[in-house]
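Student: build me a model:
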Amino acid sequence: MTNRLKEMGETASWRLMVSAAVEGAKKAGYSMKRQPGRGLSNVWEASKGGEMKVASIRTTRDRWIAFPPLDNGTRWKTLDDVELVIVSAVDDHENPQNVDVYLFPADVVRQRFDASYAARIENGHTVRDDFGMWVKLDAADADLPTQAGAGLAVEYPAIVRFTIDELETGTPVATEKAVAETPVAREEVNEAPAFSTVGDVLAFARSEIARLSGMSSDSIKLDLKIEA
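Tutor: As a prediction, the model looks like this:
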């Protein structure tokens with residue numbers, strides 16, 4: 001069993017999934033235009049029926065999405081600036097065959113992220129400003145603080161499903177200039193921001209282990225050994 005998206009490489013698979021998100025929004029009746037002057041941020045203008053809404057596109061190959069909290073969770077980077085969140089997600093983490101596209105109202109996504117942040121803090125987890133915090137799309141164990149806020153994909157089912165085969169062969173949007181020229185941003189592929197110290201790396205590793213295990217990051221101890 002092979003992971004086809006992993007074999008494509010980071011840039012190619014990310015662009016394929018962004019293309020799926022844009023094409024899915026178009027099938028829902030939106031015309032899509034990437035906002036200029038946003039640097040690496042994957043923010044688009046979604047217009048329908050004469051009304052324009054600002055949309056953030058997120059891609060995920062494990063069915064978790066991330067937004068970074070700011071000011072101790074009182075604000076959310078990118079999320080607070082948009083009205084829609086369009087998510088392109090694989091159907092299976094290990095052996096993806098399809099890409100599902102979801103369309104969420106941004107205020108609903110904020111409620112989910114607020115709930116997840118509050119649950120983590122209440123249970124002694126460390127959540128750092130400007131580091132991506134993850135919320136699961138599918139239903140999860142609500143008793144685990146790292147899975148609070150999960151279930152967006154249950155409340156708002158996918159608006160369209162594409163097979164990876166048809167995306168690889170080229171939907172009309174797959175060669176769209178805006179997508180082809182958009183650089184891959186760490187924020188958009190749910191990776192960590194660039195690190196400046198070894199301490200930052202260790203802190204991020206602890207937060208990831210906490211997310212996967214459901215434990216408090218403060219209870220996770222890591223030993224670092226560097227051999228010259």
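
Student: for residue 153, what are its contacts?
Tutor: Residue 153 sits next to 63, 89, 100, 102, 137, 138 when contact means Cβ atoms under 8 Å, 6 or more residues apart in numbering. Where you see a C-beta, it was placed from the backbone N, CA and C, and this is true even at glycine.

Student: spatially central residue in this protein, please.
Tutor: Centroid-nearest residue in the chain: residue 65, 3.2 Å away (criterion: Cα atoms, centre = their mean).

Student: excluding its backbone neighbours, what's nearest that one?
Tutor: Spatial nearest neighbour of residue 65, chain neighbours left out: residue 58 (4.8 Å); criterion: Cβ to Cβ, 6 or more residues apart in numbering.

Student: so what touches the helix or strand hosting the one you found?
Tutor: Assessed by DSSP states H and E, residue 58 sits inside strand 51-60. Here strand 51-60 makes contact (Cβ under 8 Å, 6+ apart) with 14, 17-18, 21-22, 25, 32, 35, 41-47, 65-66, 78-79, 81-90, 106, 137, 188-190.

Student: packing partners for the following helix or strand past it?
Tutor: Counting by DSSP H and E, the next helix or strand C-terminal to strand 51-60 is strand 64-67. Counting by 3 or more Cβ pairs under 8 Å, 6 or more residues apart in numbering; DSSP states H and E, the packing neighbours recorded for strand 64-67 are strand 84-90, strand 133-136.

Student: how about low-confidence regions in this protein?
Tutor: 1, 37-41, 171-204, 206-208, 210-219, 227-228 (pLDDT under 70).

Student: now do the helices in it.
Tutor: Here the chain has its helices, by DSSP state H, at 4-8, 10-27, 106-122, 152-155, 164-169, 177-180, 198-213.

Student: now these in a markdown table, with distance to residue 130?
Tutor: As requested, the helices of the chain are arranged in a markdown table below (distance: least, Cβ to Cβ, whole Å):
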| stretch | distance to residue 130 |
| --- | --- |
| helix 4-8 | 27 |
| helix 10-27 | 21 |
| helix 106-122 | 13 |
| helix 152-155 | 23 |
| helix 164-169 | 32 |
| helix 177-180 | 26 |
| helix 198-213 | 11 |
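
Student: before we move on, the earlier item: of the contacts of residue 153, closest to residue 72?
Tutor: For those, the residue nearest residue 72 by Cβ to Cβ is residue 137; the value is 25.3 Å.

Student: excluding sequence neighbours, find me the nearest residue to the closest one.
Tutor: Take residue 137 and drop its neighbours on the chain: the residue closest to it by Cβ to Cβ, 6+ apart is residue 153, 4.1 Å away.
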